[in-house]
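> Here is my input, please return the structure:
(chains A and B)
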Amino acid sequence: MRKMTKYLLLFLFAMLVTFVLAACSDNGNDSKADTDEGTSENGETASEEKVKLTIGSWRTEDVAKYEKVIALFNETNPDIQVEFNPTKNTEYNTVLNTSLQAGEGPDIFHLRPYAAGLKLAEAGFVEPISDINGLDQYSEDYLAASKGTDGEQYGVPLNISSTQFFYNKKIFEDQGLEVPTTWDEFIEVNEKLLDAGITPIAMGTKEGWLLSLTHGIVGAGVLDGNTFADKLVTGDKDFTDPAFVESIEAMNDLKKYFPANSEGLGMDDIRTLFAMEQAAMFPLGSWEIPVVNELNADLDYDFFPMPSKAGNQTVTTWVDGSFAINAKSKNKEAAKTFLEFLTTKEFGELFVDEFKMISAIPGITSDDKLLSELSKAVESNSTPYYWVINFVSGDPTTKTVLETELQGMYLGEVTPAEVAQKLQENAETSFEPFK
Amino acid sequence: MTTVQTALKKKGRKNGKRWTIHLFPIPALIIYSVFVLYPILAALTYSFYSFKGFSRESFVGFDNFVTLFTTEPYGSMFTNAFKHNLLYFGLQMIVMNGLAFILAFVIYKKVRGAEFFKIAFFLPRLLSVIVVGFLWKLILNPNFGTLNMLLGKLGLEELQRAWLGDPNTALISIILVNCWFGLGFGVLIFLAGFQSIPGELIEAAKLDGAKGMTMIRKIYLPLMIPSIMIMTVLTFIQSFEAFELVYAMQGSMGEPYYSTDTLAVFFYRLAFGSSTSGSSDAIGLGSALAAVLFFFILICTMIFLKFTNKKEVEM
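Numbering: from 1, shown residues only, chains lettered A, B, ... in the order given. This is a model prediction of the structure:
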């Protein structure tokens, strides 16, 4: 044992020595990645017969679906060969950043929405595409997901995620309930369900991200959709505003409509509760539709947009991804042709049918009734999901602070006013209009 | 044997080449340096630099360490997580090692089916930690789980709760699961300790009239000090590196409301960002935390070992 101590000390000493050496020798070679800027521009007139485009994406699960997209594209553009090369979601950012910094990377790549993707555009890695056809059909909110501060458009918005309440039609009918169209009716529905011994809202507070998501829905009800959101993102209003505090209080008040032990329930639990008809309503995203269908194909359910205190109804939305062109691509013209194809109705219809997601292209209908209705609701009255769009900077991010503090609130550790206060403190360090 | 040795010695003296023996560890040493020493040193180096994403920016001295301890929310997260690690260690020492010691003693005393129990206690250890976390998450599930169902059947409804969702029980639940998981290993170590006590010694003590508690206090306990120390050191290291089970059961945010946060989970969140937040700018801070953790464990372990040596000398 004594010997062991001696060896340990020796080991420690050896490490310290090597450490000092390593620290001394490791300076110098830091920033040489971007020395050969723009040297690869000259090979543009290479053989013209068949152009080959590569697409980078984080959707490894969609390879087969993108093959269908490419087949449709080739019907009108047989000369352009397209290859879809996705990377694992969690590694995509690193892989893309590294290859872009080395002046390489795919011709077309899946751009993360909002700040994360725009960082690449600001660094000059993304080709501006304001001149391509078909962009004018998109709403300003969706274009904003890939619009630089310089006013240039950098990406074609692909799909929209939306959050809203799903409800069990059978339970509503059995209880003689109507879809609520005002905030008061919404509370009334909850009360009646509670009286009937049915869990009104399938919701759990164990996983933080469910809380920011629910605030996106409920908050839009309390704060009347864009009325508050517009002023918040410009900095005219902030989180200490009484109206915002009220939205947090409303979240707190909803707890009595959650299932028993909601503090211990996560995503899988609440989805099961709703799919197995043990709860009447389910506040979640459009992407849950296929999963719920898989759990219980016979479930008769629909959605309703969040009714607001001012009597409006809104669905909370954000752009989930856009497609952009690599500024160093050798086939920019062909890439633009492909991006223009992504703005067509034909593509939009294929996308909704195959991917079961809401297309950013307006006016797309689908055989899936629920998805069609949801697409319509998204077009007519939507509120931007500002937690994802505007508040994902800071360390921890403002969105993360919302999640943990709401969790604390549901556990009785902090009050709604304190939640708002903590959000404000965090946002003041990271959100530009608050600084 | 002796002839071989003398032959070797003669040859060695003749050729003066005994030093060549020292060349043989070199391949192993190289592998060890590349895969163990270098990463540790690299992490230490990183702790003195600022980072932007994965690219290293500039040398900032001890700034990362200062930020880690003084800037909010890092400062309070660190102390919060540190306290949880202490609780992890304390509870495991009492529950896991205490129970393992008693069980090992019972098995050592040759109860019926000792072999069976030895294997039964060790069985959980064969499962992957992720599987263990998943199984217990199912058992502890508030609305579908067997534990609450069992409590209900026994008429103990007031004890039913969201075990992993309530900050008062979440961490303790995880630690107890870890105790269940690690119990068999402790039993094996302690059993080996008991079995290595010389039979003559026990016989002599018995002849002198020692029995019951005297036997345990004066004979078994002192002779078990080495095994107890080994288990203490191992439990200590494991407690302060606690990560997998917390991550498997509660995710990287130490949910709910940081009540199950440990230093390693905090480190993971710092260095790689949480799965929900998407920020990962703090490799420097993460490395600083890793360095603090490493030196803390190293120093404490050395103190433990020093203590053991003294004990052994006394005997």
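
> Now residue A:56, what are its backbone angles?
As for residue A:56, its main-chain torsions (degrees, to the nearest 10) stand at phi -100, psi 140.

> That one and residue A:323: what is the separation?
10 Å (C-beta to C-beta, to the nearest Å). All C-beta atoms are positioned from the backbone trio N, CA, C, and that covers glycine.

> Give me the common contacts of the two.
A:108, A:109, A:110 (C-beta atoms under 8 Å, 6 or more residues apart in numbering or on different chains).

> can you pull the alpha-carbon coordinates of stretch A:72-85 into CSV?
Presented in CSV, the C-alpha positions along stretch A:72-85 are these (Å, rounded to 0.1, in the frame of the first residue of the first chain):
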residue,chain,number,x,y,z
LEU,A,72,-40.0,13.8,-59.0
PHE,A,73,-37.4,16.4,-59.6
ASN,A,74,-35.7,14.3,-62.3
GLU,A,75,-39.0,14.1,-64.2
THR,A,76,-38.6,17.7,-65.2
ASN,A,77,-34.8,18.0,-64.8
PRO,A,78,-33.2,14.8,-66.1
ASP,A,79,-29.8,16.4,-66.5
ILE,A,80,-29.2,17.0,-62.8
GLN,A,81,-28.2,14.1,-60.7
VAL,A,82,-29.0,14.5,-57.0
GLU,A,83,-27.6,12.6,-54.1
PHE,A,84,-29.0,12.8,-50.5
ASN,A,85,-26.3,12.3,-47.9
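
> any bit of the host helix or strand of residue B:76 sitting next to chain A?
Element membership of residue B:76, judged by DSSP states H and E, is helix B:74-91. No - using C-beta under 8 Å from any C-beta of the partner chain, helix B:74-91 stays clear of chain A, with a minimum separation of 9.0 Å.

> cool, and stretch B:37-51?
Yes - using C-beta under 8 Å from any C-beta, stretch B:37-51 reaches chain A at B:37, B:40, B:41, B:42, B:44, B:45, B:48.

> neighbouring contacts of the helix holding residue B:76?
Applying C-beta under 8 Å, 6+ apart, the set of residues contacting helix B:74-91 is B:67-69, B:171-172, B:175-176, B:178-179, B:235-236, B:239-240, B:242, B:254, B:258, B:260-263, B:265-266, B:270, B:285, B:289.

> Extract the C-alpha trace of stretch B:41-50 and format it as PDB.
The C-alpha trace of stretch B:41-50 is given here as PDB (Å, rounded to 0.1, in the frame of the first residue of the first chain):
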ATOM      1  CA  LEU B  41      -3.600  16.300 -20.200                       C
ATOM      2  CA  ALA B  42      -5.500  17.700 -23.200                       C
ATOM      3  CA  ALA B  43      -8.600  18.300 -21.100                       C
ATOM      4  CA  LEU B  44      -6.400  20.000 -18.500                       C
ATOM      5  CA  THR B  45      -4.900  22.200 -21.200                       C
ATOM      6  CA  TYR B  46      -8.400  23.100 -22.600                       C
ATOM      7  CA  SER B  47      -9.400  24.300 -19.200                       C
ATOM      8  CA  PHE B  48      -7.100  27.300 -19.600                       C
ATOM      9  CA  TYR B  49      -8.500  28.300 -23.000                       C
ATOM     10  CA  SER B  50     -11.700  30.000 -24.100                       C
END
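
> Can you tell me the number of residues neighbouring the residue lying closest to residue B:195 once chain neighbours are set aside?
Spatial nearest neighbour of residue B:195, excluding adjacent residues (C-beta to C-beta, 6 or more residues apart in numbering or on different chains): residue B:108 at 6.6 Å. Using other C-beta atoms under 10 Å in any protein chain shown, residue B:108 has 18 neighbouring residues.

> Now do the closest residue to chain B within chain A against residue B:257, distance only.
Nearest to chain B in chain A, going by C-beta to the nearest C-beta, is residue A:264, at a distance of 2.5 Å. Residue A:264 sits at a distance of 13 Å from residue B:257 (criterion: C-beta to C-beta).

> who has more neighbours, these two?
In this view residue A:264 and residue B:257 are compared by other C-beta under 10 Å, and residue A:264 has more residues nearby, 27 against 24.

> Confirm residue A:85 sits in a helix?
No - Residue A:85: not assigned to a helix; according to DSSP: H, G, I helix; E, B strand; the rest coil it is strand.

> Could you count how many residues lie near residue B:17?
Residue B:17, neighbours per other C-beta under 10 Å, totals 10.

> Residue B:83 now?
Close neighbours of residue B:83, defined as other C-beta under 10 Å, add up to 13.

> ditto for residue B:295
By other C-beta under 10 Å, the residues close to residue B:295 number 12.
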